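What follows is a predicted structure for the sequence shown.
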Amino acid sequence: EIVRLLLQANPSERPSAIELLEGGKLPNKIETEAKYFNEVMRIVKTSDRSSPLYSRLVDTLFKQPVRRELFYTYDNDVLALATKAKKKQRKRRTSARQDDLLSDPNVPTKSRIRLHRISQAFIKVFELYGATPLQTPLLTPRLREEIHGQVFELMDSYGTVVELPRNLTLPFARWVALRDVTFMKRFVVDEVFVRPSQQRTTLGGQPLSKTQGSFDIVLPLSYLSSASEIHKLHEEVLECAQRCLNSCGITSDRIIVKIGDISQQRNAFELCGILDTRQQMQVRNILVNQDIRTNWKPLRRKLLQVISPKQSDSLRRCIQPEIDTRFDLFLHPVEDFETSFFFKIFVLDNNESHRPWLAGEGGRYDNLISEFHSHHITNNLVVAVGLRLHLTTIAGYMDTETSTAMVLLCSPSDNHVTVELKQIKDLAATLRAHNISVETLYPPEASTEALLNFCKERNISYMVTPRGTTCRILDCNSGKHIREFKESDLINFLTKGNT
């Protein structure tokens, strides 16, 4: 670069000697570099890690810009995953990472098991919508300079500053942009990480991890000829979110969806045939911050003063009557979902005095992909709609003593028949083979009364005690003995729900 500057034909464009010396382009003298290097090494070896000098040195290292070529080449090995063998390997890796949720040391044992069950239920829902698992690389070069300090950053052995994912949307947007992906439905359940606050630690430590589930749809913009077709993508993502929450026991009447962009309302109006701007304004004023699910009849009477009955019914179907949907023009924007439409999903707590808690968020993020596209030339314009669900939060708010088991297999201390552990294990395996959820307790250290209380606290329906060739079954809610069954009759009773 120095030679190029000095060979400029126009003298005014050539640097003077002083400009060249002060411009920082000339390499330092070897003696000078050695002196500074020795001083840096002295600071690293002898300084207190909480000292301002050491902190400035570390901050300088981590604030260095990531070289542009590394942004594209850092995860080059992922580009080779196109072969069938590599795809199988990636699928096994995804399953293994999800199994690791059970061994997360940051989550208590009971919550860990519940978190695993929730993740498996969400995966089944994602697959119902035709999504395939895709896990982006764990480490990426620093993606955004302005968020330094919020993410957990590391430095690899080559001196490149990389970061752990703070959510599942940002790495996927980069992945889509760098590979020019134009059509994909993907899901992933994985951990995200944030940096501990300075109030918690000044000496470093493990990142704070949480589990998220992500469902994303990427389509070419040319496939979607109108705003109403894009609106259908929004509906599909919201419907998927509802099914996920229903799958872990959260009923639809507890779910509140808040939509925070007015363009979404315009898309709904177009789909319902409400094209007059004056009508749109009047309808918007009626619907804003209203509980559409419970207050539909009085709202419909008001709407019929503005629009036709057919338009009113179409509008009701359009705005998801199964769950409580509210348009909130002042809803705080969601990070990364800043293209036009975004939403937040709240769940009403069982305790009515508590505020609703945030279960997830989502929306469009075309602009995020375009931000990564801006680094290279592409003609592939896409529409991207995503959903993020906070599995750790959902598991934490669910009743910690609630069990998903239907049956408790045990042998109370007042049982007059000796029951071997193998008999309980074999019966448990048989019931699970018929999709009956089971918990087991052994050895017999508690009375029948204590075990019934145990079942009530955990919402277990039946207590089953093997008694030789038969099984004694008790209704945990009433505490009454139903009858004794043979094993085959017990399975029929539990699967068909006969009383």
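Arrived safely.

So residue 186 sits against residue 134, correct?
Yes - in this structure, residue 186 is within contact of residue 134 by Cβ atoms under 8 Å, at 4.0 Å. Quick note: C-beta positions are derived from backbone N, CA and C, even for glycine.

Please work out which helix or strand belonging to this protein has the smallest mean pLDDT.
helix 84-99 (a mean of 45; mean pLDDT, DSSP states H and E).

following it, which helix or strand comes up?
Proceeding N to C from helix 84-99, the next assigned helix or strand is helix 109-128, under DSSP states H and E.

buried residues in that following helix?
111-116, 118-119, 121-123, 125-126 (16 or more other Cβ atoms under 10 Å).

swap in stretch 178-197?
By 16+ other Cβ under 10 Å, the buried positions in stretch 178-197 come out as 178, 181-182, 184-195.

So which of those residues sit within strands?
In strands, judged by DSSP state E, the following of the buried residues of stretch 178-197 are found: 184-194.

Residue 34: neighbouring residues, count only.
As a burial measure, residue 34 scores 11 neighbours (other Cβ atoms under 10 Å).

Relative to residue 343, how far out is it?
According to Cβ to Cβ, to the nearest Å, residue 34 and residue 343 sit 58 Å apart.

again with residue 17
For residue 17, the distance to residue 343 equals 61 Å [Cβ to Cβ].

which one of those two has more residues nearby?
For residue 17 versus residue 343, neighbours defined as other Cβ under 10 Å are more numerous around residue 343 (26 against 7).

Now do the same for that one: helix, strand or coil?
Three-state call for residue 343 (DSSP: H, G, I helix; E, B strand; the rest coil): strand.

List the beta-bridge partners for it.
Partner residues in beta bridges with residue 343, using DSSP bridges, are residue 259, residue 362.

residue contacts, it?
Residues in contact with residue 343, defined by Cβ atoms under 8 Å, 6 or more residues apart in numbering, are 234, 238, 257-260, 334, 361-363.

How about residue 494: what's its closest non-neighbour residue?
Using Cβ to Cβ, 6 or more residues apart in numbering and skipping residues adjacent in sequence, the residue nearest residue 494 is residue 436, 5.2 Å away.

residues contacting the one you found?
Counting by Cβ under 8 Å, 6+ apart, residue 436 has contacts 406-407, 491, 494-495.

Reformat those residues as TSV; add secondary structure, neighbour count and distance to residue 142.
Shown next, in TSV, are the contacts of residue 436 (DSSP: H, G, I helix; E, B strand; the rest coil; neighbours: other Cβ atoms under 10 Å; distance: Cβ to Cβ, whole Å):
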residue	secondary structure	neighbour count	distance to residue 142
406	coil	17	49
407	strand	25	51
491	helix	17	56
494	helix	22	54
495	helix	12	54
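
Residue 455: which of those residues is nearest?
Taking Cβ to Cβ as the measure, residue 407 is the one of these closest to residue 455, at 9.3 Å.

quick one: that closest one and residue 224, what's the gap?
Using Cβ to Cβ, one gets 49 Å for the distance from residue 407 to residue 224.

Going by distance to residue 304, which of the contacts of residue 343 wins?
Looking across the contacts of residue 343 and measuring by Cβ to Cβ, the closest to residue 304 is residue 259, at 23.1 Å.

Quick check: the gap between that closest one and residue 281.
Per Cβ to Cβ, residue 259 is found 17 Å from residue 281.

ok, these two, which is more surrounded?
Taking neighbours as other Cβ under 10 Å, residue 259 and residue 281 compare with residue 259 leading, 23 against 11.

Correct me if wrong: the more buried one contacts residue 340.
No - counting by Cβ under 8 Å, residue 259 does not reach residue 340; the two are 11.0 Å apart.

Not counting sequence-adjacent ones, nearest residue to residue 484?
residue 470 (4.5 Å).

so who does that neighbour touch?
Residue 470 makes contact with 484-486, according to Cβ under 8 Å, 6+ apart.

and those, which are buried?
residue 485.

any idea which strand is longest in this structure?
strand 208-220.

Just the C-alphas of that one, formatted as PDB.
Taking Å, rounded to 0.1, in the frame of the first residue of the first chain, the C-alpha atoms of strand 208-220 are listed here in PDB:
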ATOM      1  CA  LEU A 208     -25.300 -18.300  31.500                       C
ATOM      2  CA  SER A 209     -27.100 -20.800  29.300                       C
ATOM      3  CA  LYS A 210     -30.800 -21.200  28.500                       C
ATOM      4  CA  THR A 211     -32.600 -23.500  26.100                       C
ATOM      5  CA  GLN A 212     -34.500 -22.200  23.100                       C
ATOM      6  CA  GLY A 213     -36.600 -23.800  20.400                       C
ATOM      7  CA  SER A 214     -36.600 -22.100  16.900                       C
ATOM      8  CA  PHE A 215     -38.900 -22.700  13.900                       C
ATOM      9  CA  ASP A 216     -38.000 -20.700  10.700                       C
ATOM     10  CA  ILE A 217     -39.500 -20.500   7.200                       C
ATOM     11  CA  VAL A 218     -37.500 -19.000   4.400                       C
ATOM     12  CA  LEU A 219     -39.100 -18.500   1.000                       C
ATOM     13  CA  PRO A 220     -38.100 -16.600  -2.200                       C
END
